[in-house]
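> Just need the structure, nothing else, for what follows:
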Amino acid sequence: MPSFTSNHGFQLFDNGESWEHRTDFEKLDRLLGGFDENGDRLELGSLVVDGERPTLGSQVVYATRFDGANGGEQIQAALDDLDGVRGTVVVPAEGPDDLAGYDHSERADGWLVTDAVTIPSETTLVLDGSYLFLDDAARTNLLRNELAFQNTKDRDEDITVVGRGAARLDGNAAGQNRPYENDAGRNEPEVSEHYGFVFHNVERLRVGGFTLGPTAGWGGIVEDFTDAFVHDIFIAQDDSHDNQDGISFAGPGERGIMSNLAGTVNDDFVTAYSALDWSESDLLAGDGGDLSTLAYRGGVMYQYETNETGHGPFVRLYTENDTVIRNVSVTDYHGYNGGEIKLMNNNDSGGTSDYGQLENITVSNCTCDHTYDIVRTWGHVNNVSISNFAATNVYGHFWNHNAVDGHPAYVKNVAVSNCQIQSGGQLFYQDDQGGELVGATFSDITHENPWLTEPGAKWEVQSGTWRDVTWRDIRVVGTGEWDGVWIDGSVDLSNVRFDELVLEDLTEGISLASGAGETGTPIAFESVVTRNVMNQNWRIDRDCVTRSGIGVASGTGERPAADDWQPGDLVQYTDTDDGSGDGLYMLLPDGTWCLFATDLAQ
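Residues are numbered from 1 along each chain as shown. Modelled structure (predicted):
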């Protein structure tokens, strides 16, 4: 099993199934043992020569030995004292500041931060049970790197922030003055100043091992990065502000991992933004760019938002301004009061043939309870795999394939399997704004409605295109007020199959409006079982449909149109001119029809 070890004792293992991290605290303690109880340096032989600092990363200092008006200034003084030398700054558990007078402090003492603690390259910051508390109305981050918020191509390198014990970054959210001018504060400038931490323009970043929050904005952001590892963080948002997200990757960036996150949020849990230009907000530190190769491994969240449409997702992938997010995996995520997977693309220039804005997305082994939708697609998405997903108390849809702000969904190459969903909404919804679903297979899915959100169809497709779409081994159970499959006449259908379909406790079974997909290859229904369907099992007002291997077609000619069928197809044909061509036909390999029977009334 290969392992990768930094000079600070952090190890990243690949065991073929998951990523783990280990912090060698024994080694760290030995390193820190060169100081007395007051934090003064002991003579360590070759580590200190004639008062000169070491040059091989062995410089270790305690923040308590530096002066400052408050704990934050002491930490900063210790970091500044490294003066470009690789080293470690330790922040002990007992802080210098009396916090008892603050309404929202969790501890009586700690390290008061009035201005962001800024971390240079090649530095390890050890939060040894320490409590960093943001001053009232400070309007700043708790931690950031030196090059954050700077318009530069340079990057800070090799920054590590590690907490142990009861380490916490408390953004004192309720003590911050953050007005809102409209929805979620998106017109508020410089909102990124309220994030707990900002690491922007960085290479080789490691952050983890502490509690984060509450903060007046997002918990943290890693932006314009290469090789970032965010791990073992308890997110503690408190519902005092909107947009109390968890942690975000933002572009440009590549090779990022978030693992073992848990806690409470008041919006999205984890996100990836390749660009973001909502209104006048400064939500990102820079201008954005492509994101690639991201792994989200292990997350447990509770979402404060409880309105019907406001549940935040536990994963949001969002592209804008012709940027791309690709190669993303999400595994072992579990949400309560939220759990959407949002695949959203707000690129204006992409046409219906451009599916590359969000691509190569896999989601597996996830659960959620109490949410709105499960999957929401918006824009151009290519290559999506979702498997082993279970959800209960879903207000909306399993898959919401809709348009937002005039951006239809164009989704290509989809594989969804082994999902169990209890929902008050629909299994699949495609709105009247167009869009495409191409090359999709949905299999081994159970969708039950223990209650009714609003009447509708389990599959509701209002417009757009379905091409090469298969639904196999699907069981849907309604409340007696649902239809099964409802497809509007304006939908272009080509090579769409429903195999091994069970429809139970519905108003109607299959409803295909006239004109829906009447050109191209047939729409096939194989092995359809209905139970307690009140009105009628089938209402098909169109041609090019097969039921249990027999197609249905009509026309004014004496035979069906051969171009709509494949050799070997059986077709029940109605001659709408004079009836002389009525009958059951088979299309032969040479393109001619063989008449099997004419008396179909019996």
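> can we go C-alpha only for contacts and neighbour counts from here?
Fine.
> Ser240 and Gly175 touch, don't they?
No - using C-alpha atoms under 8 Å, Ser240 is not in contact with Gly175; the gap is 9.5 Å.
> So between the two, which is more surrounded?
Neighbours per residue, other C-alpha atoms under 10 Å: of Ser240 and Gly175, the larger number sits with Gly175, 20 against 16.
> Quick check: chain neighbours aside, which residue is closest to that one?
Asp136 (4.8 Å; C-alpha to C-alpha, 6 or more residues apart in numbering).
> what about the one you found, neighbour count?
19.
> May I ask you to confirm that it is in contact with Gln176?
Yes - using C-alpha under 8 Å, Asp136 is in contact with Gln176, at 5.7 Å.
> Tell me the helix or strand right after the helix or strand containing Gly551.
Per DSSP states H and E: Gly551 is located in strand 550-555. With elements assigned by DSSP H and E, the helix or strand that comes after strand 550-555 is strand 570-575.
> Quick check, pLDDT for the residue nearest the centre of the chain.
Most central in the chain under C-alpha atoms, centre = their mean is Val315, positioned 2.1 Å from the mean C-alpha point. Looking at Val315, its pLDDT stands at 92.
> Kindly report the same for Glu43.
39.
> can you map out the strands along the stretch 451-600 of the chain?
456-461, 465-477, 482-487, 492-512, 523-540, 545-547, 550-555, 570-575, 583-587, 593-597 (DSSP state E, counting those that start in this stretch).
> mind listing the strands for the stretch 251-400 of the chain?
Going by DSSP E, counting those that start in this stretch, the stretch 251-400 of the chain shows strands at 270-273, 291-303, 315-319, 325-336, 341-345, 358-371, 375-378, 380-394, 399-401.
> Could you figure out how far the fifth one is turned away from strand 315-319?
In this structure, strand 341-345 runs at an angle of 0 degrees to strand 315-319, with axes from the mean of the first three to the mean of the last three C-alpha atoms, to 10 degrees as the basis.
> Would you give the sheet partners of strand 341-345, along with the direction of each?
strand 315-319 (parallel), strand 375-378 (parallel) (DSSP bridges).
> can you check the fourth one too?
Paired neighbours of strand 325-336 in the sheet (DSSP bridges): strand 291-303 (parallel), strand 358-371 (parallel).
> Show me the contact partners of the last one.
Counting by C-alpha atoms under 8 Å, 6 or more residues apart in numbering, the neighbours of strand 358-371 from elsewhere in the structure are 311, 319, 324-340, 343-345, 380-396.
> could you say what helices and strands the top helix by length along the chain packs with?
With secondary structure taken from DSSP state H, the chain has its longest helix at helix 71-82. When contacts are defined as 3 or more C-alpha pairs under 8 Å, 6 or more residues apart in numbering; DSSP states H and E, helix 71-82 packs onto strand 59-62, strand 87-91, strand 109-113, strand 117-119.
> possible to save those strands as a markdown table with mean pLDDT?
Listed next are the helices and strands packed on helix 71-82 as a markdown table, based on pLDDT from 0 to 100:
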| stretch | mean pLDDT |
| --- | --- |
| strand 59-62 | 90 |
| strand 87-91 | 95 |
| strand 109-113 | 98 |
| strand 117-119 | 98 |
